[in-house]
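Colleague: I would like the atomic coordinates for the input below:
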Amino acid sequence: MSRGRPPKGAGLVDGLESSALAKERLKIILQTIAGELSVVDACARLSVSEARFHELRAEALQAAAAQLEPKPAGRPAAIISREAQEAAALKAQIQELKIDLRAAQIREELALVMPHVLKPRKQSTDRRDRLDAMQQEEEKKGPTRPITSHTLQYNDVKSSTSNDSSESGKPST
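Modeller: Got it, this is the predicted structure:
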């Protein structure tokens, strides 16, 4: 003897949300599956042929099986409408424009407060360009030896020994 509630069987269909005709068809299909009703009696109650009854039963079972297929876990991904995507894109564009406007305002304030910052430099800021300019100036002056600490000492000693009697007192190069 089993305990618990007695099985409702086809009576479970009464609690479903659908039309009365759909509920009646489902009850009859379940009764034939459970062996409570013969196919011939079911066809007579539904006023359909046996072929149509078998089609209805196959469709009902296929729909039930499809609903019992495993589904991905979690909430389904939200479908974003085209209007919502466009609205989001416009909001992002507005935010970028606000940032650009604020940057332009800050540049304007800096230009008013510190105008010398905006003036272009007379000298090139590139180190290589400055070195090239220095070499060109040196070439215009004429050929010279590179100045090192050794040549300065040598020239100082040489000039002091050879120019002891000179009036200029400048070291010769």
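
Colleague: state the mean pLDDT of stretch 59-75.
Modeller: Averaged across stretch 59-75, the pLDDT comes to 90.

Colleague: quick one, domains of this structure?
Modeller: Per automatic domain parsing, the structural domains of the chain span 10-67, 87-117.

Colleague: check contacts around Ser18.
Modeller: Leu26 (C-beta atoms under 8 Å, 6 or more residues apart in numbering). All C-beta atoms are positioned from the backbone trio N, CA, C, and that covers glycine.

Colleague: look up how far Arg25 lies from it.
Modeller: 10 Å (C-beta to C-beta, to the nearest Å).

Colleague: one more: Glu50?
Modeller: 15 Å.

Colleague: neighbour count: the two, which is higher?
Modeller: Arg25 (21 against 11; other C-beta atoms under 10 Å).

Colleague: contacts for the helix or strand hosting the more buried one next, please.
Modeller: Secondary structure assignment for Arg25, by DSSP states H and E: helix 20-34. For helix 20-34, the surrounding residues in contact (C-beta under 8 Å, 6+ apart) are 9-10, 13-14, 16, 18, 37-39, 42, 45-46, 56-57, 60.

Colleague: try 6 Å
Modeller: With contacts defined as C-beta atoms under 6 Å, 6 or more residues apart in numbering, helix 20-34 is touched by 10, 13, 37, 39, 42, 45-46, 57, 60.

Colleague: look up how far Glu17 lies from the residue nearest to Gly9 when sequence neighbours are not counted.
Modeller: Spatial nearest neighbour of Gly9, excluding adjacent residues (C-beta to C-beta, 6 or more residues apart in numbering): Ala34 at 6.0 Å. As defined by C-beta to C-beta, Ala34 lies at a distance of 23 Å from Glu17.
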